[in-house]
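>>> give me a 3D structure for the following:
(3 chains, ligands or ions: 3)
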Amino acid sequence: MGSILFFLSILAIIGTWWLSRQGLASKPWLEPSAAGTLQDLEPEPVAPAKVGLGVLLAVIGSFFALFISAYAMRMQLPDWRTMPIPSILWLNTAMLVASSLALHGAKVAVRRGETGELKFTLIAAGVSALAFLSGQLVAWQQLAQEGYRLTINPANDFFYILTGAHGLHVLGGLVALVRTSEKAWHPTSTDRLRLSVELCATYWHFLLFVWLVLLSIWTGWAGDFIDICRQLLT
Amino acid sequence: MVDVPLGPTGVIAAPDVEDVELYHPHSWLTKYVFSQDAKVIAIQYSFVALSVGLIALVLSWLMRLQLGFPGVFSFIDANAYYQFITMHGMMMVVYVLTALFLGGFGNYLIPLMVGARDMVFPYVNMLSFWIYLLAVLILVASFFVPGGPTGAGWTLYPPQAILSGTPGGQDWGIILMLVSLMTFIIGFTMGGLNYVVTVLQARARGMTLMRMPLTVWGIFTASFMALLAFPALFVGAVMMLFDRVLGTSFFMPVMVEMGQPLDRNGGSPLLFQHLFWFFGHPEVYIVALPAFGIVSDLISTHARRNIFGYRMMVWALLAIGALSFIVWAHHMYVSGMNPYFGFFFATTTLIIAVPTAIKVYNWILTLWRGDIHLTVPMLFALAFIVTFVNGGLTGLFLGNVVVDVPLSDTMFVVAHFHMVMGVAPILVIFGAIYHWYPKVTGRMLNDPLGKLHFWVTFLGAYAIFFPMHYLGLMGIPRRYHDIADMAFVPPSAHALNAFITIVALIVGATQLVFVFNLFWSLRHGKPAGGNPWRATTLEWQTPETPPPHGNWGKDLPVVYRWAYDYSVPGADQDFLAQSQPGPTRAGSGSIHG
Amino acid sequence: MAVALILVLVAVGSVVFHLVSPWWWTPIASNWRYIDNTIIITFWITGAVFVAVIFFMAYCVYRFRHQAGRRAHYEPENKRLEWWLTIVTGVGVAAMLAPGLFVWRQFITVPEDATDIEIFGQQWQWSFRLPGPDGQLAASDARLISPDNPLGLNREDPKSQDDIVIEGGELHLPVNKPVKALLRSPDVLHDFYVPEFRAKMDLVPGQISYIWFTPIRTGTFEILCAELCGVGHPQMRGKVIVQEESEYQAWLQDKASKSFARLLPAPKTGASMPD
Ligand code: HEM
Ligand SMILES: [Cu+2]
Ligand SMILES: [Cu+2]
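Numbers count the residues shown, from 1 in each chain, chains lettered A, B, ... in the order given. Ligands and ions are numbered 1, 2, ... in the order given. Down below sits the predicted model:
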């Protein structure tokens, strides 16, 4: 359970930092009416949707962290046979990076109000995300052909489940991306458009991050790290 | 964020926040059925959860009938008994208590108590309820599929849960259970995002965190924990579903079942237990923290006294929430895990006892020098303290590794968790319903009926579960539908079992009085007015009762003080509403810092 | 008034029930008296707290009940009192935890001179394996289980020659000799539980768990399964018979001569299983 505890500790640090700025040691009964003591701290209200996305990412993060914990525990058992990673994963990774970069571009574009560039980057992000997903399917196919099917070995099972879960999250993101694009093509409120694009970008970067973590586990780069986590518990 | 500019005179400026865009229902259907109003969703959640609760209650009668009068009811065989305990346990913990506290009370109280018009994502909030309902339907459907519901115990431990020796293991039962849980978690996550973000982002002006009532603190912390803990159950459920349906070996070691080798390899049953309890232990507090919060407010309001040690209460709540993520393996002391974990988990578990004890002290110290009105909500709150302290103290037995060894998996455990997470939170739920029903409906619940309901429920539940500890101490294991032929069990124990069953039936039947009261008072209850308990918190200050869509009429409330200004020296009334501007309390010099 | 009285009655009634209850633990038959003692300490501490809290509550309910003209005292907090209570609680908790951890250490530290035995649980019966004269148990593997090798012994292991297998029967143990029970299951979780021994531990398929104990009095005790293992769970019973050394040896001789024949090496079956 090392990875999830590690993940939760990070959340706890963020939470503590945030709470420490909320006057948790103040004596609320001594200050009727003087509610303004916190006023200098948050100069600009954050959109609820952003906070909501942040919380959602914490949930998704704990979901993947738990899977990785399970992976690390299951890996120690003797029947584990590490699986080769199909080389197409590197191409897929490049696609996901491209998608993330495109959305970053979209974010910049929407801030500057450059509609043409915004539309272009949104399409680019969508296309490369689709390319990523198709690439993942190809990877599944290749693996299956080479005999690395489900149920043959837990390493394979984890690979399929984790890529599947990650893919579903990308798919969900694509739905949001389509709705954002609708707003870009039929703009009603620039604030909303901007918010949507920013949310998409954050989500994309997060999924890219999750993907890189997963990749580093399959390539073994994370092995040392997992060892550390494991030692924390034993 | 709370960002209240002080005017030149040091008084909070009038609210000039732009109105949140409210969703407006256009038809009866979108107003009462597919409603996005948190209050309607709250009632929908509560109604469904209470209905599931009645099913679970009936299941508990059937189990008790078998235990008290073994063999008399021939249809309750081992098979049925296991299905009953599993469905009873899972329903009570997840589909009743979690849904009721967070989906029901959370939805109703959070926006009102923090002074918001509604939840921040109303559409998602509505989806949350419908997905919850779907989860309930899937769960209930498992009663009607071939093989019936799963009988794996609410802990669903593999390999047993998905093998043929367990009811539903190789049929649909376990699949429906897992799918239902996953559905529930998705639905809950949608709701949970709302509860958390509403508290973070939609508080009225002046409502600093430290001015929030403890109810909001409790529900907020619990929602956060649930958001982070439920994924563990989700992950476990996905993996078990793969094991069951596709034949993977996440949790399935090399096995020989009834002489037949199974085609499985090297999985780890303990892995599931770790995942399950990583969810399961926080789940206990997900149920307990809202109860803690609510009971604090009930006690304070009905004792006309500020909650004693508010700051400690908040810190303790947060400490408990955080610590509860590192105690999970205290459910696994005798599971065959690395025995050295025992030292760590026993220590963390007993450390949690300290902030929990602080909360208890502060509740009873709130009574000290109070002006105690023994209303029905107050009675339930007092009963909560009794049962919670009792259950919490037996928790010290079970948390303390070696003491747990003889007691774990016996009726002692059953008695303990019913006392602490069954009876105690349910008593708070009842108290809370008596307390807030006037706000929801505009009418009071009938008082004599309420007192009858209270006394039978409290004393009855105590009489059911207190003696049960001693059966466990004697060594009777849990999940045994028949203990007739155990050499070490004296006949008197069977008499005790019969007694417990009879009391359980009486307590169960008394709940009908409560249900009757709920419906009867809807029409015939005494009109309540806006603030029948003369309480300080915002939900009692709405311009109309029951609060209409949007809660506050034209202007959002502004908060000028904390939630506990009861019996302030110098004030003419014995409470000052949070939204009441005005003079600082007189004589603050006498206040301890 | 009535409420306060009932609260007092609940507390007093609980204590009286505890004192006069005929339902109490079975007379102990193993060395784990320490566990009982820790439970007693815990009962004392928690009982005192329970009574104190409820009496205090009852007093408040009586003394500060609403009466015309009463007004509550305004006091948001009292730092000193709260810290004191915290410290006292911490000390009480430590007083329970310390002996608990101390005994746990003993519980998981097997003495050198303990005899290894195997307890094998399957749906839904108990089997046992005793090491025989060499004092050692042979390796085993669930993959080797077959009708004539019910516990899946590795017969290529020379230590398997004298292992004594008792299928679905009674476990005999000599009194006052520590045993280390290795717990194994081929199918689902079970839990080896003898109320008189106090000790219990799960049997987990795919791994071997253990407990140790020393029977301290002779007699016949019931083995229960304390981990849900399917519909037969409550019927999964066995017996431990604790005997004087001499009786035990006599029984062992008898058993060894009978089961020896069954355990002759099986005819070679080609592929040998991985261990
Ligand atoms: C008067 C009300 C209740 C009665 C009479 C009752 C009775 C029972 C009985 C007889 C069992 C089976 C014990 C066994 O053989 O192991 C049981 C199990 C259980 N109950 Fe209740 N119960 C009640 C209320 C509750 C509540 C409110 C909760 C909510 C937390 C709850 C949660 C559970 C759980 C989690 C189990 C364990 C199921 C399992 O072993 O898998 N019960 N209850
Ligand atoms: Cu726990
Ligand atoms: Cu069993």
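>>> what does chain C put close to chain A?
Residues of chain C found near chain A (CB under 8 Å from any CB of the partner chain) are C:Pro76, C:Glu77, C:Gly206. In this view, the C-beta of every residue, glycine as well, is placed from N, C-alpha and C.
>>> out of the residues you listed, flag the one nearest to ligand 3.
Ligand 3 lies nearest to C:Gly206 out of the residues of chain C next to chain A, by CB to the ion, at 16.9 Å.
>>> excluding residues flanking it in the chain, which one is nearest the closest one?
Excluding the flanking residues, the one nearest C:Gly206 by CB to CB, 6 or more residues apart in numbering or on different chains is B:Pro253, at 2.6 Å.
>>> same thing with A:Leu232?
A:Gly2 (5.3 Å).
>>> can you count the residues close to that neighbour?
By the measure other CB atoms under 10 Å in any protein chain shown, the count of residues near A:Gly2 is 21.
>>> before we move on, what about A:Trp17?
9.
>>> packing partners of the one helix or strand it maps to?
Using DSSP states H and E, A:Trp17 maps to helix A:2-20. Judged by 3 or more CB pairs under 8 Å, 6 or more residues apart in numbering or on different chains; DSSP states H and E, helix A:2-20 is in contact with helix A:48-75, helix A:223-233, helix B:214-241.
>>> looking at these, which is buried most?
Ranked by average neighbour count under the criterion mean count of other CB atoms under 10 Å in any protein chain shown, the helices and strands packed on helix A:2-20 are headed by helix B:214-241 at a mean of 26.
>>> quick one: low-confidence parts of the chain?
With no chain named, the answer covers chain A. Within chain A, the stretches with pLDDT under 70 are A:31-44, A:226, A:229-230, A:233-234.
>>> actually it's chain C I care about, not the one you picked
Using pLDDT under 70, chain C drops low at C:258-275.
>>> ok, which stretches of it are strands?
C:115-122, C:125-130, C:164-166, C:170-174, C:179-184, C:190-193, C:200-203, C:209-213, C:219-225, C:238-243 (DSSP state E).
>>> what does the second one rub up against?
Strand C:125-130 has contacts (CB atoms under 8 Å, 6 or more residues apart in numbering or on different chains) with C:117-121, C:137, C:150-151, C:153, C:163-169, C:171, C:192, C:223, C:236-238, C:252, C:255.
>>> need the pLDDT of whatever residue of the stretch 101-250 of chain B ends up closest to ligand 3.
Using CB to the ion, the closest approach of the stretch 101-250 of chain B to ligand 3 is made by B:Gln160 at 8.5 Å. Per-residue confidence (pLDDT) for B:Gln160: 92.
>>> contacts only, for it.
B:Ala152, B:Thr166, B:Gly169, C:Val188, C:Leu189, C:Leu228, C:Cys229, C:Gly230.
>>> what is the nearest of those residues to B:Ala237?
Here the nearest of the contacts of B:Gln160 to B:Ala237, counting by CB to CB, is B:Ala152; it sits at 12.3 Å.
>>> check whether stretch B:236-243 contacts chain A.
Yes - residues of stretch B:236-243 are located near chain A by CB under 8 Å from any CB, namely B:Val238, B:Met239, B:Phe242.
>>> and the residue of the stretch 201-350 of chain B that's closest to ligand 3?
Going by CB to the ion, ligand 3 is nearest to B:Val334 of the stretch 201-350 of chain B, at 13.0 Å.
>>> thinking again about what came up before, neighbours of the nearest residue in space to the residue of the stretch 101-250 of chain B closest to ligand 3 that is not next to it in sequence, how many?
In space, and not counting its chain neighbours, B:Gln160 is closest to C:Val188: 3.9 Å by CB to CB, 6+ apart. Number of residues near C:Val188 (other CB under 10 Å) recorded here: 30.
>>> angles on the backbone of B:Thr410, please.
B:Thr410 has phi and psi values of phi -110, psi 180 when expressed as degrees, to the nearest 10.
>>> what of B:Met337?
Here is the backbone geometry of B:Met337 (degrees, to the nearest 10): phi -70, psi 170.
>>> what number of residues are in the vicinity of the closest residue in space to it that isn't next to it in sequence?
Leaving aside its sequence neighbours, B:Met337 sits nearest to B:Leu270 (CB to CB, 6+ apart; 5.7 Å). Using other CB under 10 Å, B:Leu270 is surrounded by 23 other residues.
>>> helix, strand or coil for B:Leu289?
Of the three states, B:Leu289 takes helix according to DSSP: H, G, I helix; E, B strand; the rest coil.
>>> for PyMOL, what selects the buried ones among the contacts of strand C:125-130?
In PyMOL syntax, the buried subset of those is picked out as below (16 or more other CB atoms under 10 Å in any protein chain shown):
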select buried, chain C and resi 117+118+119+120+121+137+150+151+153+163+164+165+166+171+192+223+236+238+252+255
